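Enquirer: need a structure here:
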Amino acid sequence: MQDKIAVAPTTLEHFATAILQSVGLSEEDAHTVAWALVAANLEGIDTHGVSRLALYARRVRAGLASARPNLQWEHPAPAVALLDADNALGPVAAMAAIDEAVRIATTQGIGMVAVAHSNHAAALSAYTERAAEAGCIALMVANTPPAMPPWGGREAFLGTNPLAFCAPGPTSNDAPVVVDMATSLVARGNIIMAARQSQPIPEGWAVDAEGNPTTDAQAALAGAVLPMAGAKGYALALMIEILSAVVPGTGWGPHVYSPYNDWNTPTDSGIWCLAMYVGSLMSPDDYTKRLGGLLNALHEAPTAPGQEIRIPGERRVQVRKERTAHGIPIDAATRKELDELSEEFHVHPLSWNGSDQ
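Expert: Below is the predicted model of the structure:
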């Protein structure tokens, strides 16, 4: 089987939407989740793209994520909202959260939303980029099932707890500044992808169940990933656990359940986001001048031999252009899984002969 075959983003999105509708999601929610998955693929984050579709669909079918969640809002203060996501798929909850944060920010200058009882939300940058398109600087964090030991510990306790930040580009023609990362040395999705493809992982990424360093992806999944920057990564993960679990009142640490390994209990993870409306802070001209000056100075800074200086988010723009024009490359393991999904949920299969571009 050919290693990777390119498929048009719209084709993947339509397929994912059909799969999700087949397990009971509304057309709107199915499209939201499909959009989030394909958005990750479009920017090169394949570990959080359609490779997660099977997990999402099967969790809904098993009753471990809600097909028709009843989202419940509270607004305890003018710039604050709390969302009980009712076990919605993560992209449904995250989209609702960022849209509400932006709505509040456009009237209050700043909007904060905390979400309880959610699930894996794909790549968080998709939502912060959406906020940037509405003129906001945004930050989103989420907690995840235990995968990383506390600094000095031996067993997984905290998740890889990602964070995403996005600021609009200096002008509408410029790329936004995008930061999207796990607080572990590497996102667990990279290890999951390596295990799916029977590939080893680099030294230093993870330890096995006994706490020994390992390059075996399956052993790493049974063990723990390591925090980025040692104790600093652990501290950031703890900060995110407080914002996304303690603040909204949802599962924390070992009370967040693995969607891969626990097929009896909902994940019960949380999300926290903040949006700041740039127009309430400064004029568009001032923003262009200030951020443009900073980014131009960075680009003009002296470079190391053979190196270039890039702004976080610039690579994503290039990858998005390439994949929009030429299709999203889908690896053999993911193709096999998507074929199995089409049969399992009685949805017309994707074609892998090049006709999907």
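
Enquirer: residues contacting L341?
Expert: Taking CB atoms under 8 Å, 6 or more residues apart in numbering, we find L341 in contact with I19, L53, A54, A57, V347. All C-beta spots, glycine's among them, are computed from the backbone N, C-alpha and C.

Enquirer: reformat those residues as CSV; add distance to N264, pLDDT and secondary structure.
Expert: Output for the contacts of L341, formatted as CSV (distance: CB to CB, whole Å; pLDDT from 0 to 100; DSSP: H, G, I helix; E, B strand; the rest coil):
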residue, distance to N264, pLDDT, secondary structure
I19, 23, 99, helix
L53, 22, 99, helix
A54, 19, 98, helix
A57, 18, 99, helix
V347, 27, 98, coil
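
Enquirer: list just the nearest of those residues to P150.
Expert: Nearest to P150 out of those is A54 (CB to CB; 31.5 Å).

Enquirer: what count of nearby residues applies to that closest one?
Expert: 17 (other CB atoms under 10 Å).

Enquirer: let me see the ranges of the helices in the stretch 51-200 of the chain.
Expert: 53-61, 90-108, 125-133, 188-196 (DSSP state H, counting those that start in this stretch).

Enquirer: off-centre distance for the third one?
Expert: To tie it back to what came earlier, the one meant is helix 125-133. Put simply, helix 125-133 sits 11 Å off its chain's centre (CA atoms, centre = their mean, to the nearest Å).

Enquirer: now for that helix, which elements pack on it?
Expert: With contacts defined as 3 or more CB pairs under 8 Å, 6 or more residues apart in numbering; DSSP states H and E, the packing partners of helix 125-133 are helix 27-42, helix 90-108, strand 136-142, strand 163-167, strand 177-181, strand 269-277.

Enquirer: and the average pLDDT for it is what?
Expert: Summarised as a single mean, pLDDT over helix 125-133 is 98.

Enquirer: point out where the stretch 151-300 of the chain drops to low pLDDT.
Expert: Low-confidence segments of the stretch 151-300 of the chain (pLDDT under 70): none present.

Enquirer: still on that earlier bit, so which of the helices and strands packed on helix 125-133 comes closest to K4?
Expert: helix 27-42 (11.9 Å).

Enquirer: using CSV, write out the CA atom coordinates for that closest one.
Expert: Extracted C-alpha coordinates of helix 27-42, given in CSV (Å, rounded to 0.1, in the frame of the first residue of the first chain):
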residue,chain,number,x,y,z
GLU,A,27,-25.4,18.3,11.2
GLU,A,28,-24.1,21.5,12.8
ASP,A,29,-22.1,19.6,15.5
ALA,A,30,-20.9,17.0,13.1
HIS,A,31,-19.6,19.7,10.8
THR,A,32,-17.9,21.5,13.8
VAL,A,33,-16.0,18.4,14.8
ALA,A,34,-15.1,17.5,11.2
TRP,A,35,-13.9,21.1,10.7
ALA,A,36,-11.7,20.9,13.8
LEU,A,37,-10.1,17.6,12.7
VAL,A,38,-9.4,18.7,9.2
ALA,A,39,-8.1,22.1,10.4
ALA,A,40,-5.4,20.2,12.3
ASN,A,41,-4.5,18.2,9.2
LEU,A,42,-4.4,21.3,7.1
